[in-house]
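Engineer: using only what follows, build the 3D model:
(chains A and B)
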Amino acid sequence: MSANASDARGLAGVSAAPGLWLPVFTLAQRELTRFFRQRTRVVGALGQPILFWILFGAGLNGSFRGPADMSYQEYFFPGVAVMILMFTAIFSTISIIEDRREGFLQGVLVAPIPRASLVLGKVLGGTILAVLQSMLFLLVGPALAFVGLAPELHTGLTWQNALPVIGFLALVGFSLTALGYLIAWPMDSTHGFHAIMSVFLMPMWLLSGSFFPPGESGWLSWVIRLNPLTYGVAGLRRIMTANPAAVQSLPPWWLCLTVTVAAAAVYIGIAIWMTGRRSVLNAR
Amino acid sequence: MSLPTTSDDDAAVVIRDVEHHYGTRRALAGVSFSVQHGEIFGLLGPNGGGKSTLFRLMATLLPVQSGTVEILGCDVGLHQAAVRSRIGVTFQSPSLDGKLTVAENLRHQAHLYGLYGIRARQRIVELTEHFGLSGHFQQRVDTLSGGLKRRVEIAKSLLHSPSLLLLDEPSTGLDPGARRVLWDHLQQLRDVQQVTILVTTHLMDEAEHCGRLAILDRGRLVTMGAPEALRQSVGGDCLRIRAPHPEELATRISDKFGLTSKLVDRELRIEHEAGHEVLRDLVVAFPEISSVVLSKPTLEDVFIAQTGHRFEEDSEEAQ
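Structural biologist: The predicted structure is shown next:
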């Protein structure tokens, strides 16, 4: 700076108000960079669901009686895609706790950015990763049939519905990442997050029609009906199915879309509100 | 305690009657002072003294509960965004992302302050050159030494060219060489760019670098002034006396020589213009004295003179 004494005093003029989107972009980009530098995260978020799919698929196929005579692997396929969305969402939002502990977050909190930028940056970064991984599974899954780890599948994914599928995965991914964010934000240790993950997030996925079809009656069917994620899974099934008979009993498309959008809006709204409060939490 | 404050008109920072509580614990008990433009100002105090709370209030991380905090003419309670865009903040625990390179960290920071493209690049190059970081541009922050990390941290907080730089315990974790380099940089920053610098510290030698100091203890402002003036306020010399029964000795010293002494941590302290003479008299008169140390007053002596207890004493229990 010895070279640049000229911009000494009036330096306030150097930076402009950053607006909403530049910080969002930069924070999302950071999420991606960090992710690809930590290979273990890729394994964690993608490996476990694929294993689940192969093992549960092989184990439960014999006893499964799904709609329209589909195999269990076929039924479970979109469920695993949503599981990958959820796992990636969890892993990317858990980094808020690390950001807070390691100090990065305090630097962002004193920057003149709208708090919504911080939330959106984190959530969009997580969403992009979630969609990328989930798409990777949708493409790789059927290939497992060639090596004998899965039966031949009719996933229903085609060139025609690829864009709507990506779009809906992004919507569900966004919603799950926003949910992860608002759970992670008030926490000061990752242990707490793991506890919530086991007693809340995993059951939320299990009871979303991903793992088994909802029954017609009984308390369980009500839990499934009240679970917003049910509509995310059903929506994905509706867009992706190769067989219309298989999705007849699912909630209608308009309901799937409405509930998923509404859930995302509520989660992101709460996340922004929480982040905007100045509290001791932010100053830790 | 009413302390003299300078005219607030041209002040970079004005703190007025600030109180802060964490639940029932009182961290600040009505603190007022101001910092002039272009000053290097230090907040000195032991852990738990209230300086970190004050730092967080100024950095807009905590809401102001009572009193006012004005930064560069803006009330932090009302104009957070304006304050945030004009201050640079260097935290004690680094706010760098260790997984990213120096360049990436700086680029993200520039974006957070609305700087992008060529202007951001120019500014990043300028600062990395200035702080001797050019050779580490593509290095991951995790692999840098503590001193280099602190320099990146400061470069980061200066990207948007703030008029006020807040630093929390800037020397913590640095070796003496790195501390010297850091202070050279800070002084240059003030001299060349007229950046006002406010540091919090619990280190006496760091406090010596400041033009003016405010000493905080248990949430109160104890005293304020230039380090030299503060030391002079204590008086000529400091004597620290150890003996088997210090309370009894204090009475006897008072009776015989009319000198008042303070008992701090099992040690008697006497301030006197002609310390060497008193030392001789005491040693002759009271052979039970096991040791006497004669020294010029330090900032710690200032602290003890004002508070009656040692600096390191954890004031947590007092709160």
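Engineer: could you say which helix or strand holds whatever residue of chain B ends up closest to chain A?
Structural biologist: Proximity of chain B to chain A (C-beta to the nearest C-beta) peaks at residue B:161, 2.7 Å away. Any C-beta I mention is one placed from the backbone N, CA and C, and that applies to glycine too. Using DSSP states H and E, residue B:161 sits within no helix or strand.
Engineer: just the pLDDT for it.
Structural biologist: Reading off the per-residue confidence, residue B:161 sits at a pLDDT of 89.
Engineer: same check, this time on residue A:14
Structural biologist: The per-residue pLDDT of residue A:14 was computed as 48.
Engineer: torsion angles phi and psi at residue B:101?
Structural biologist: The phi/psi pair for residue B:101 (degrees, to the nearest 10) reads phi -80, psi 170.
Engineer: typo on my end, residue A:108
Structural biologist: Reported as degrees, to the nearest 10, the phi and psi values for residue A:108 are phi -70, psi -40.
Engineer: what number of residues lie near it?
Structural biologist: Residues near residue A:108, counting by other C-beta atoms under 10 Å in any protein chain shown, number 23.
Engineer: that one reaches residue A:27, doesn't it?
Structural biologist: Yes. Judged on C-beta atoms under 8 Å, residue A:108 makes contact with residue A:27 at a distance of 7.3 Å.
Engineer: between the two, which contacts overlap?
Structural biologist: Residues touching both residue A:108 and residue A:27 comprise residue A:118, with contact defined as C-beta atoms under 8 Å, 6 or more residues apart in numbering or on different chains.
Engineer: for the nearest residue to residue A:253 once chain neighbours are set aside, give me its contacts.
Structural biologist: Nearest non-adjacent residue to residue A:253, counting by C-beta to C-beta, 6 or more residues apart in numbering or on different chains: residue A:238, 5.2 Å away. Residue A:238 is in contact with A:247, A:250, A:253, A:256, counting by C-beta under 8 Å, 6+ apart.
Engineer: wasn't residue A:238 part of a helix?
Structural biologist: Yes. When the secondary structure is assigned by DSSP: H, G, I helix; E, B strand; the rest coil, residue A:238 falls within a helix.
Engineer: okay, residue A:10: pLDDT?
Structural biologist: Per-residue confidence at residue A:10 stands at 36 (pLDDT).
Engineer: typo on my end, it should be residue B:314
Structural biologist: 48.
Engineer: kindly report the same for residue A:283.
Structural biologist: In the predicted model, residue A:283 carries a pLDDT score of 58.
Engineer: surely residue A:208 touches residue A:225?
Structural biologist: No. Shown here, residue A:208 and residue A:225 do not form a contact pair, counting by C-beta under 8 Å, at 10.5 Å.
Engineer: returning to what we had before: who wins on neighbours among the contacts of residue A:238?
Structural biologist: Using other C-beta under 10 Å as the neighbour definition, those reach their maximum at residue A:256, which records 24 neighbours.
Engineer: follow-up on the earlier one: out of residue A:208 and residue A:225, which sits in the busier spot?
Structural biologist: For residue A:208 versus residue A:225, the count of surrounding residues by other C-beta under 10 Å is larger for residue A:208: 23 against 13.
Engineer: ranges for the strands of the stretch 101-250 of chain B?
Structural biologist: Read by DSSP state E, counting those that start in this stretch, the stretch 101-250 of chain B holds these strands, from start to end of the chain: B:164-168, B:196-201, B:212-217, B:220-225, B:237-242.
Engineer: for those strands, could you give me JSON lines that also reports mean neighbour count?
Structural biologist: As requested, the strands of the stretch 101-250 of chain B are exported to JSON lines (neighbours: other C-beta atoms under 10 Å in any protein chain shown):
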{"stretch": "strand B:164-168", "mean neighbour count": "23"}
{"stretch": "strand B:196-201", "mean neighbour count": "25"}
{"stretch": "strand B:212-217", "mean neighbour count": "24"}
{"stretch": "strand B:220-225", "mean neighbour count": "20"}
{"stretch": "strand B:237-242", "mean neighbour count": "20"}
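Engineer: residue 189: what's it in contact with?
Structural biologist: Unless you meant another one, I'm taking chain A. Per C-beta under 8 Å, 6+ apart, neighbours of residue A:189: residue A:97.
Engineer: switch to chain B, please.
Structural biologist: With contact set as C-beta under 8 Å, 6+ apart, residue B:189 has these partners: A:1, B:158, B:165, B:195, B:197.
Engineer: tell me the contacts of the third one?
Structural biologist: Applying C-beta under 8 Å, 6+ apart, one finds that residue B:165 lies in contact with B:87-90, B:154, B:157-158, B:186, B:189, B:195-198.
Engineer: cool, the second one as well?
Structural biologist: For residue B:158, the contacting residues are B:88, B:127, B:165, B:189, B:195, taking C-beta under 8 Å, 6+ apart as the criterion.
Engineer: need these in TSV with distance to residue B:11 and pLDDT, can you?
Structural biologist: Listed next are the contacts of residue B:158 as TSV, based on distance: C-beta to C-beta, whole Å; pLDDT from 0 to 100:
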residue	distance to residue B:11	pLDDT
B:88	18	94
B:127	27	90
B:165	16	95
B:189	19	89
B:195	15	92
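Engineer: and which of those is nearest residue B:305?
Structural biologist: When those are compared for distance to residue B:305, the smallest value, 30.7 Å, is given by residue B:165; criterion: C-beta to C-beta.
Engineer: tell me which residues form a beta bridge with that closest one?
Structural biologist: Note on residue B:165: beta-bridge partners by DSSP bridges are residue B:88, residue B:197.
Engineer: quick one: residue A:197 and residue A:90 touch, right?
Structural biologist: Yes. Under the criterion of C-beta under 8 Å, residue A:197 lies in contact with residue A:90, with a separation of 6.0 Å.
Engineer: now residue B:155: closest residue in space that isn't a chain neighbour?
Structural biologist: Spatial nearest neighbour of residue B:155, chain neighbours left out: residue B:127 (4.3 Å); criterion: C-beta to C-beta, 6+ apart.
Engineer: tally of neighbours for residue 159?
Structural biologist: Looking at chain A here, since you left the chain open. Per other C-beta under 10 Å, the neighbour tally for residue A:159 reads 6.
Engineer: other chain: chain B
Structural biologist: A total of 23 residues lie near residue B:159 under the criterion other C-beta under 10 Å.
Engineer: residue contacts, it?
Structural biologist: Shown here is residue B:159, whose contacts under the criterion C-beta under 8 Å, 6+ apart are A:15, B:88, B:106, B:109, B:110, B:113, B:115, B:120, B:123, B:124, B:127.
Engineer: residues near the residue nearest to residue B:155, how many?
Structural biologist: When counting by other C-beta under 10 Å, one arrives at 23 neighbours for residue B:127.
Engineer: and for residue B:312?
Structural biologist: Using other C-beta under 10 Å, residue B:312 has 12 neighbouring residues.
Engineer: which positions in the stretch 51-200 of chain A make contact with chain B?
Structural biologist: For the stretch 51-200 of chain A, the residues in contact with chain B under the definition C-beta under 8 Å from any C-beta of the partner chain are A:102, A:103, A:104, A:105, A:106, A:107, A:108, A:109, A:110, A:111, A:112, A:113.
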